[in-house]
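Trainee: build me a structure from this.
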Amino acid sequence: MENFTAVAVTYLSRIVVAVLIWVVGKRLIRLLLDFMERRMKKANVDESLHSFLTPLLRMLLQVLLFLTVAATLGIEITTFAAIIGAASFAVGLAFQGSLSNFAGGVLILILKPFTVGDFIEAAGYSGTVKEIQVFYTIIRTPDNQKVIIPNADLSNSSAVNYSSYDTRRANIKIPISYKSDVKRAKEVIQQVAHNHPLVLKDPSPMIVLGEYGNDGLILYVRVWAERSDYWTMYFDFLEQVKVAFDEAGVEIPYRQLDVHIMNED
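Mentor: Okay, the predicted model is just below:
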C-alpha cells in the first residue's frame, strides 16, 4: 500500500508539473511570437519573410514543448524520437507535394522573384501578392478574388513580376485606313504623346508602321509611363488618340466586306 501511494504521488506530481509546463509553455510561445512580430515590424523585415517564419517557428516551438512535456511524464525521448522519425518518414512519403511546396516557399524567400505587394502573373492568374506562406502564396486579383497558389507551381514555372521596375512600356496597336495619310497619323499620335502628362519623355515615344492588316494599316506605338500611372495613361491615351484622329480627319477602319456580282450573260 505504501509503494502504491508512493508511485501514485510520484506520477501525480509528474502530471501536475507536465500540465503546468504545457500551460506556461503555450503562454510563453504566444509571448515569444508576439515579441518576434513586433521586432520584425520595427526592423522593417520583409513582410514575405515575416508571414513565412511565424507559422514555421510556432510549429517548431510546439513540437519542442510537446517533447518537454513527454519527458516530464517519464516517456523515453529517444524512443519517442525514433517513433516520430519513422512517422515523419511515412508522412513525408504521403505528402511529397506539400514538401515540394515547402521547398518552393524557401526558394521564393531566398531568391525573391517577387515579394508581398508585387503585382504578378503566374499559374494562369494575375494579382497582388498578399501573403507568402509555408506551403502556399495568396494573391488578390484586380476583381478582388482570393487565389491560393501552391509554392511548388510558382518556383517551377515562369512568372511575370510587373512591380520589379519603376516604369512600364505600353505596346499599343492603332489601325488606320489605307486611304489615310500615314505621316499625318503618326504626327497626330506623336502630338498626343507629347502633350499627355503621364507619358514619359525619356524613353521617348516610338510610332512606326508595323503591319499591313486585312482592313487597314497597323501603327505600332510604344509609350512609357510610371508603373503606378500605367493603366490610367493607357486608357486615357487611347481615348485622346481617337479624339485627335477625328479632328485631323484620320480614319480608323472597321471590318467590311466588298461583294462583286458577276453577270453570266
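
Trainee: and the pLDDT at residue 152?
Mentor: The score at residue 152 is 88. That number is its pLDDT.

Trainee: now name the helix or strand holding it.
Mentor: helix 151-155 (DSSP states H and E).

Trainee: what does that helix contact?
Mentor: By Cβ atoms under 8 Å, 6 or more residues apart in numbering, the residues outside helix 151-155 that reach it are 97, 100-105, 107-108, 113, 122-123, 132, 135-137. For every residue, glycine as well, the C-beta is placed using N, CA and C.

Trainee: return a PyMOL selection command for the buried portion of these.
Mentor: Buried subset of the contacts of helix 151-155, written as a PyMOL selection, criterion 16 or more other Cβ atoms under 10 Å:
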select buried, resi 100+101+102+104+105+107+108+113+122+123+132+135+136+137
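
Trainee: nearest to residue 185 among the contacts of helix 151-155?
Mentor: residue 122 (37.6 Å; Cβ to Cβ).

Trainee: what about the spatially closest residue to that closest one that is not a sequence neighbour, neighbour count?
Mentor: Spatially, and ignoring its direct neighbours in sequence, residue 122 is nearest to residue 159 (3.7 Å; Cβ to Cβ, 6 or more residues apart in numbering). Counted by other Cβ atoms under 10 Å, the residues lying close to residue 159 total 16.

Trainee: and residue 159, its phi and psi?
Mentor: Here is the backbone geometry of residue 159 (degrees, to the nearest 10): phi -140, psi 140.

Trainee: against residue 152, how distant is it?
Mentor: Counting by Cβ to Cβ, to the nearest Å, the separation of residue 159 from residue 152 is 13 Å.

Trainee: if we can go back for a sec, ok, then the element right after the helix holding residue 152?
Mentor: strand 159-161.

Trainee: now tell me what touches that following strand from outside.
Mentor: Here strand 159-161 makes contact (Cβ under 8 Å, 6+ apart) with 113-114, 118-123.

Trainee: which parts of the next helix or strand after it are buried?
Mentor: Beyond strand 159-161 on the C-terminal side, the first helix or strand identified by DSSP H and E is strand 167-176. Judged by neighbour count (16+ other Cβ under 10 Å), strand 167-176 contains these buried residues: 168, 170, 172, 174-176.
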